[in-house]
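In: could you work out the structure for the sequence below:
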Amino acid sequence: MNSLRLTEIHTRPLRATLGLALGLALLCAPAAAGAAAWNQERVTQYAEELVASSGELAEALGKRPTYVTPVNQRAFYQARDDVRTMHHVSERLHSQLKDGEGMEATLPTFKRLQLLRRAAEENGRKAAIPDDIMAKATPVGGALNKLRPYYETEEDATVPE
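Out: Got it, this is the predicted structure:
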């Protein structure tokens with residue numbers, strides 16, 4: 001029984017890391033070739049999807065964690081803060097787009113989201129987050145991936161991430 005429990009404890013961080021990598025891999029997947037023509041209505045819709053999905057992820061991470069160990073505590077709390085901040089910034093992006101602001105005006109907000117995504121991914125790798133919560137990262141990545149071609153410029157397409 002102890003060996004089973006010990007094995008489960010040791011594989012949990014691996015499963016969580018793999019889940020995070022899979023969920024956030026969508027964020028790193030290459031966007032459609034070239035920049036997409038700006039479509040205010042569509043971009044606003046994708047930003048709305050991002051608000052909803054990042055809110056669900058932030059809520060799931062915000063519940064009192066029973067799975068945080070002293071070893072991964074700092075990484076977990078940093079990842080949780082990154083996701084909360086990402087949610088607030090996604091609300092700002094949606095608000096800007098809803099108010100009619102275009103690509104140039106919202107580009108800094110989108111770039112901030114990309115920075116937060118990378119920080120959450122890095123900190124999430126270090127924290128042993130359960131699979132059911134990690135599954136909520138996939139829609140966040142999907143929404144960011146939908147937005148990415150609208151903000152991609154020729155310069156961005158030639159510079160590797």
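
In: now do the contacts for Gln114.
Out: When the contact criterion is C-beta atoms under 8 Å, 6 or more residues apart in numbering, the partners of Gln114 are Leu144. For the C-beta atoms, the positions are set from N, CA and C on the backbone; glycine is no exception.

In: mind checking pLDDT for the nearest residue to Lys111 once chain neighbours are set aside?
Out: Of all residues beyond its chain neighbours, the one nearest Lys111 is Tyr151 (7.8 Å), with distances taken as C-beta to C-beta, 6 or more residues apart in numbering. In this model, Tyr151 is scored at 95, pLDDT.

In: count the neighbours of Tyr151 for me.
Out: Other residues lying near Tyr151 total 20 when counted by other C-beta atoms under 10 Å.

In: just for this protein, where's the confidence low?
Out: Judged by pLDDT under 70, the chain has its weakly predicted residues at 1-34, 64-66, 154-161.

In: returning to that earlier point: is the residue nearest to Lys111 in contact with Pro108, as I believe?
Out: No. Counting by C-beta atoms under 8 Å, Tyr151 stays clear of Pro108, with 10.3 Å between them.

In: so for the one helix or strand Gln78 maps to, what gets flagged as buried?
Out: Remark: Gln78 resides in helix 73-98, with elements defined by DSSP states H and E. When burial is assessed from 16 or more other C-beta atoms under 10 Å, helix 73-98 yields the following buried residues: 75-76, 78-87, 89-94, 96-97.

In: now the residue nearest to Lys111: how far from Val140?
Out: Tyr151 sits 16 Å away from Val140, going by C-beta to C-beta, to the nearest Å.

In: tell me what angle the strand or helix carrying Ala52 forms with helix 73-98.
Out: Using DSSP H and E, Ala52 sits in helix 40-62. Using axes from the mean of the first three to the mean of the last three C-alpha atoms, to 10 degrees, the interaxial angle of helix 40-62 with respect to helix 73-98 works out to 160 degrees.

In: of all the residues in helix 40-62, which ones are buried?
Out: Going by neighbour count (16+ other C-beta under 10 Å), the buried part of helix 40-62 is 43-44, 46-58, 60-61.

In: all set, thanks.
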